[in-house]
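>>> Take a look and give me a structure for this.
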Amino acid sequence: MTKTLKDYFKEFEDKIVGIEGNIVHNNGPVWTFDSPRTRILKHFRLIKRFIVAQQDLENQRDLWLTTVDLLNDSKAFNDEVKEKMREELLADCFEELKNLNNTIHLQLANKPDTTVKGNAKKANKPDAKFNWQGSQTELVYLIEKLYEQGFLSPISQPEKHWLTAQHFTVKGKNLNQKNLAKARDNNLKTKKGKPKRGEEIEQIISAAKNQNPSKT
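I've put the predicted structure just below:
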């Protein structure tokens, strides 16, 4: 019987549940060849190999997205060390997705389309990303409010930052997930919990809600 991604992930969970302990030094955790981190990464490689072995790149992308969901839902990360590992593994998944998307887009860009319809589409093709003209902090706040008010389906925080980086630039500059996370944290630390133009953003969303009563 052919094993599926969920089969590999279940085996992964079973292995890491029994991993305990942490090696502590005066300056914090010290990872050795047999540390919890090293062992978890070793077990996770089996999942990565299974995904990379798939020939179809779109299938690989679907499997990485499924892995993100499985990691978010997993109950095996039941202590502080393992929770940090969950974040590291999620970051690894998003990096794989980013590389895959770049490869897929490159292949599509290089694929010849000699039809009249295809050439017309290429001539009218819009930019791949939305170019936000405000600040990065304002963009992060807008995205958070859209999720908060139910305009977008709920997902994990790392996924929000990944999708934002995939679909937006700020004044022509590409975005970094870590910087987006810092921008969100900085918003929460301010006295009002919002950027300077946060009230304008809230007014825009409020107006959109009035146009769509189902969101109220």
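>>> May I ask you to confirm that residue 83 is in contact with residue 76?
No - proximity of residue 83 to residue 76 does not meet the contact threshold set by C-beta atoms under 8 Å, at 10.5 Å. No exception for glycine: its C-beta is placed from N, CA and C like everyone else's.
>>> so where's the chain uncertain?
Across the chain, the stretches falling below the confidence threshold (pLDDT under 70) are 1, 20-34, 110-128, 212-216.
>>> just the helices in it please.
5-17, 36-52, 57-73, 80-110, 116-123, 136-148, 157-167, 177-189, 198-211 (DSSP state H).
>>> mind saving the C-alpha coords of the first one as PDB?
By that I understand helix 5-17. In PDB, the C-alpha atoms belonging to helix 5-17 read as follows (Å, rounded to 0.1, in the frame of the first residue of the first chain):
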ATOM      1  CA  LEU A   5       1.800  12.500   3.300                       C
ATOM      2  CA  LYS A   6      -0.500  12.000   6.300                       C
ATOM      3  CA  ASP A   7       1.000   8.600   6.900                       C
ATOM      4  CA  TYR A   8       4.500  10.100   7.000                       C
ATOM      5  CA  PHE A   9       3.300  12.900   9.200                       C
ATOM      6  CA  LYS A  10       1.600  10.500  11.600                       C
ATOM      7  CA  GLU A  11       4.900   8.600  11.900                       C
ATOM      8  CA  PHE A  12       6.700  11.900  12.400                       C
ATOM      9  CA  GLU A  13       4.300  12.900  15.300                       C
ATOM     10  CA  ASP A  14       4.700   9.500  16.900                       C
ATOM     11  CA  LYS A  15       8.500   9.900  17.000                       C
ATOM     12  CA  ILE A  16       8.600  13.400  18.300                       C
ATOM     13  CA  VAL A  17       6.100  12.800  21.100                       C
END
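>>> residue contacts, the residue nearest the centre of the chain?
With distances taken as C-alpha atoms, centre = their mean, residue 159 lies nearest the centre of the chain, 3.0 Å away. When contacts are counted by C-beta atoms under 8 Å, 6 or more residues apart in numbering, residue 159 is found next to 68, 94.
>>> Could you check how far it is from residue 210?
In this view, residue 159 and residue 210 are 29 Å apart by C-beta to C-beta, to the nearest Å.
>>> what domains does the record give for this structure?
Under the assignment automatic domain parsing, the domains of the chain span 7-110, 130-215.
>>> Of all the helices of the chain, which one is nearest residue 129?
For residue 129, the closest of the helices of the chain is helix 157-167, at 5.8 Å, according to C-beta to C-beta.
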